[in-house]
Structure formats: C-alpha cells, structure tokens
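The sequence and its predicted three-dimensional model are supplied below.
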Number of protein chains: 2
Amino acid sequence: MNDARKPAKTTSPDTPVVYVVDDDPSIREALVDLFLSVRTEAEAFESAQDLLDNADLKRPGCILLDVRLPGANGLDFQLHLEKLGNQMPVIFMTGHGDIPMTVRAMKAGAVDFLAKPFRDQDILDAVAVAFQKDRDLRQQSAANGAVSELAKTLTRREHEVMAAVVQGLMNKQIAFNLGISEITVKLHRGNVMRKMEARSVADLVRKAELLGL
Amino acid sequence: MNDARKPAKTTSPDTPVVYVVDDDPSIREALVDLFLSVRTEAEAFESAQDLLDNADLKRPGCILLDVRLPGANGLDFQLHLEKLGNQMPVIFMTGHGDIPMTVRAMKAGAVDFLAKPFRDQDILDAVAVAFQKDRDLRQQSAANGAVSELAKTLTRREHEVMAAVVQGLMNKQIAFNLGISEITVKLHRGNVMRKMEARSVADLVRKAELLGL
DNA sequence: TTCGAAACTATACGAAGGTGTGGGTTCGAC
DNA sequence: GTCGAACCCACACCTTCGTATAGTTTCGAA
C-alpha cells in the first residue's frame, strides 16, 4: 500500500518511530525521506483509520498528523486516541489552520502545531521534543504500572492496613479502627511491606502515592 | 488615567480581579463593563508598563492581554512576568494573530488565546478557567511556602538527618553515615519532627517531597 | 466434602524508635 | 568574657515495630 512503510533501517521495537499521517502521498514521501536523512525511523499512513489498522502504536515514538484528514478530523482523532488509552505525543501540521483550531490542539496536549510552510528543522525539533516526552511518559507509566502490579497481590485487609500505615497511624490505632488486634495488624503490615517490596515506611509512602493514596 | 480602574464593587484583596491590558480605550471599557455585568472585578491598563507600575499583582486573578501591545510584545511580556516570579494565569486576545504566535503562547502556559471576533461567553469561560487555575496555583504555593518556612528553622545537621530519614535509613545507619552516635541521631530526629510539625514519618516524607528531596 | 486462601489471635522476644535528664565542646556575637 | 546556638554523648526507661511459631475460623472453589 505504501512503499515507505518498511524503512530500510533496523526495526527494533525499542527505537522510536514517527508515524506520519497525511493524505497527500508526495508529502508523506517527503517527510519520511526527511526523517530517514537524520536516521530516524518513520512510517507513513494515508488516514487515521490506516494508522489505527496497521501501526503498532505500542512502540515508542510520536504521531505527526495533518489536521485535515480524510474521514476524521485530526483534533477529534487526537481525543479518540486518548480514549483508547494511547498517550503517544501528537504533532499537528496544517495548511489551512486557524487560531481556535490551534488552541484546541494545544489545550489537548499537542506537542506542537506547525503551519505550512515550515522549515525542516522545525519539524525535526518538534519530533525531538515529542520523543523526549514519550520517553518521560513511558518511564513514569512503567514505574506506575510496576507498583500497580505489586498492589494487585494485596488482599483487601492488606490494602486497608497499607492505607492506614501511609497515613501515619500506629499499629494500635489501625487495630482499633479496623476492629482487630494489634498483632494481626503487624501481620498484615509485614505482608504489605513484603508484597510491595518496600524496605521502609518512607519507601511505602512513595509507592502508595503513585497509587493515588 | 482610567475611570474604570476603580470598580464600583468591593475591593477586598481576596476577590479575584481581571487585569485587562489593551491600548484601545473603547475595548478596555467594553471588557470592564462585561466583567462588571457578571459581578467580576476588573481593572484596565493601557500598556504592560502601566500594569507593572499600577497593579497589585499579588492579588488573585488573571491577566487578559492583547498580544500586540504598545512598547512590548505580549508574548515577551508573558515571559517577563514569569521571570519576575509572577505566576498569574494569562489569557491572550488578538485581532491579527497567527498560528506560530498562538503555539508559542500556549506552550508558555497561556490559559487561552482568543482571536477576535470572539463571543463574550468565550472570554468569560476563559476567565473562569484562569481563576480556577490561579486558585490551584496559590493553594499549592501556599502549602509549599509553609513547609519551606518550617524547613528554614532546621539546622544543618537536622537537614541531613531529615534527608536520611525520608530515605528510609535506620537511626543506626544514619549515625554511621554521619559519623555520630545513634543517640545523637535520635535527638536531631526528634527536633526535625517537632520543627517540621510532622506527626509521623509518613507525614515527614510528604513534606520533604514538597521540598524536592 | 475437601482443600486452600484469607483473616484472625496469642505468646514471646529482640530490634528499633522516642524522650528525658544531665553534661560536654566549639564558635561567633554582643 | 559571657552568652546562646549548635552540636555532641551517655544512661535509663518506655513504646512501638517486626517476626517467628502455632493454632482457629470462615468461605468459596474444585
């Protein structure tokens, strides 16, 4: 469908990719060539649907998107991606953009909004920023996910005890609040520390904060 | 200089104000009237310098700014305010804005960027968002400032001990690291808890995180 | 019904934390 | 030089925490 989809370089699932979405084949090709010239992997798609159907959006990278897309609006597509749980940074391009459109995109978290004509360097800068943002997001989300996984192994009681501990309550108070004996609290507490892989209360507090406590 | 500067309503230093900056007197007046019609305090200024010289920027509120200002550029003024340590939310208005200008303003944290002609409701909505943002910022900055004040009363050693405690180290380890006895660590630790008004280690960890530890 | 997970309890002991009292040094300001 | 702040230490005492052993009960799934 698109000869630029398979780049000549490595396709390691860890190197970041620019997903280019534009309905104009010549623009797609020009952009992919631009990225290849700076050794950046890029794949081109002709529509939002094409991207959703054929791209591996779990890879790190960013999306470079024309606001005027066949079928869907680029701004709506941005929101649609978010609803799907995809947090990949988005850069917009446009030939006929206006200010309200720009404001809406930026409010929704777009990395940049490039009005044609733009210099090659502008787009490369934006991609660099987007890649960095993606790395940061992934790092945070990985840390968060790891803690969530640990928390899943906790029983209901252990959850309650953890919540009380990170509030700074003493075992005695926790026992009273939960209507159980202090020795049982100690038991649960020990289990919490072990399951959460926390080596100190300070450690546990930080992990609990990632869980939103 | 401007008859709309003193609003008819209360001038309590806690009610939020919209600081309107525009070089066109008729627009200034129209905007102030608009805000008065919804019982929102507003003050008008003819230039950025006028605002800096005559406005009490420590009051809660937001700044409603034309990007094209006499003397200074509105975007540069936005950055200038930040350098002065002023974190008041900014809303831009413009009659002749372009997309790069919009992107730059939004990246710099503007609440909104309104292209004329805009509806009254648009601007009122933006102001409501800006007021909320200001409240949030002030609340956070107050909490942060309070903790900083407490931290200032700590001696050097107490600081060191606090840092070690929130890392989850035991008194024994802290003593070894600092080359002092465990009993002295306990002394400093007690002082830290008292001075920082922390009732538990969990409490201390949270306060220390506000300090960037 | 049998089995396992979860929850609970008790006794016991050692480790760690917290506080008070009392006393010491150093160092800079008044 | 005197005073206060910061820093240091020890003894004593109590509280809180953490863990191990050993056992009970409940409840839901196989």
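Looks like it arrived, so ask away.

A:Leu64 belongs to a strand?
Yes. Judged by DSSP: H, G, I helix; E, B strand; the rest coil, A:Leu64 forms part of a strand.

Could you say which helix or strand holds the closest residue to A:Met196 other than its chain neighbours?
Using Cβ to Cβ, 6 or more residues apart in numbering or on different chains and skipping the chain neighbours, the partner closest in space to A:Met196 is A:Leu150 (5.1 Å). All C-beta atoms are positioned from the backbone trio N, CA, C, and that covers glycine. Secondary-structure assignment from DSSP states H and E places A:Leu150 in helix A:120-152.

just the angle between the next helix or strand after that helix and helix A:120-152, please?
Sequence order places helix A:156-166 as the next helix or strand after helix A:120-152, per DSSP H and E. Helix A:156-166 runs at 110 degrees relative to helix A:120-152, counting by axes from the mean of the first three to the mean of the last three Cα atoms, to 10 degrees.

ok, A:Asp24 - contacts?
A:Asp66 (Cβ atoms under 8 Å, 6 or more residues apart in numbering or on different chains).

try 10 Å this time
Contacts for A:Asp24 (Cβ atoms under 10 Å, 6 or more residues apart in numbering or on different chains) come out as A:Ala30, A:Leu31, A:Glu46, A:Asp66, A:Gly95.

Tell me, what's the model's pLDDT at the fourth one?
What the model reports for A:Asp66 is a pLDDT of 94.

Pull the residues that contact the helix or strand containing A:His80.
Per DSSP H and E: A:His80 is located in helix A:74-83. With contacts defined as Cβ under 10 Å, 6+ apart, helix A:74-83 is touched by A:21, A:47-49, A:51-52, A:57, A:63, A:65-69, A:71-73, A:86-88, A:90, A:92-94, A:97, A:101-102, A:104-105, A:108-110.

which of those residues count as buried?
A:21, A:47-48, A:51-52, A:57, A:63, A:65-69, A:87-88, A:90, A:92-94, A:97, A:101-102, A:105, A:110 (16 or more other Cβ atoms under 10 Å in any protein chain shown).

Just the ones of the residues you listed in strands?
A:Val21, A:Ile63, A:Leu65, A:Asp66, A:Val90, A:Phe92, A:Met93, A:Thr94 (DSSP state E).

so which of those residues are also by chain B?
A:Phe92, A:Thr94 (Cβ under 10 Å from any Cβ of the partner chain).

okay, the ones in strands among the buried ones among the contacts of helix A:74-83 in CSV with distance to B:Ile123 next?
Output for those, formatted as CSV (distance: Cβ to Cβ, whole Å):
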residue, distance to B:Ile123
A:Val21, 34
A:Ile63, 32
A:Leu65, 29
A:Asp66, 30
A:Val90, 27
A:Phe92, 25
A:Met93, 29
A:Thr94, 25
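
Which members of the ones in strands among the buried ones among the contacts of helix A:74-83 define the maximum pairwise distance?
A:Ile63 and A:Thr94 (14.3 Å; Cβ to Cβ).

hang on, the earlier thing: with distance to B:Val201 added, can I get the contacts of A:Asp24 in JSON lines?
Listed next are the contacts of A:Asp24 as JSON lines, based on distance: Cβ to Cβ, whole Å:
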{"residue": "A:Ala30", "distance to B:Val201": "59"}
{"residue": "A:Leu31", "distance to B:Val201": "53"}
{"residue": "A:Glu46", "distance to B:Val201": "57"}
{"residue": "A:Asp66", "distance to B:Val201": "53"}
{"residue": "A:Gly95", "distance to B:Val201": "58"}
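
May I ask which two of these are separated the most?
A:Glu46 and A:Gly95 (16.3 Å).

Compare those two and say which one has the larger neighbour count.
A:Glu46 (18 against 12; other Cβ atoms under 10 Å in any protein chain shown).

And the pLDDT at that one?
pLDDT, A:Glu46: 93.
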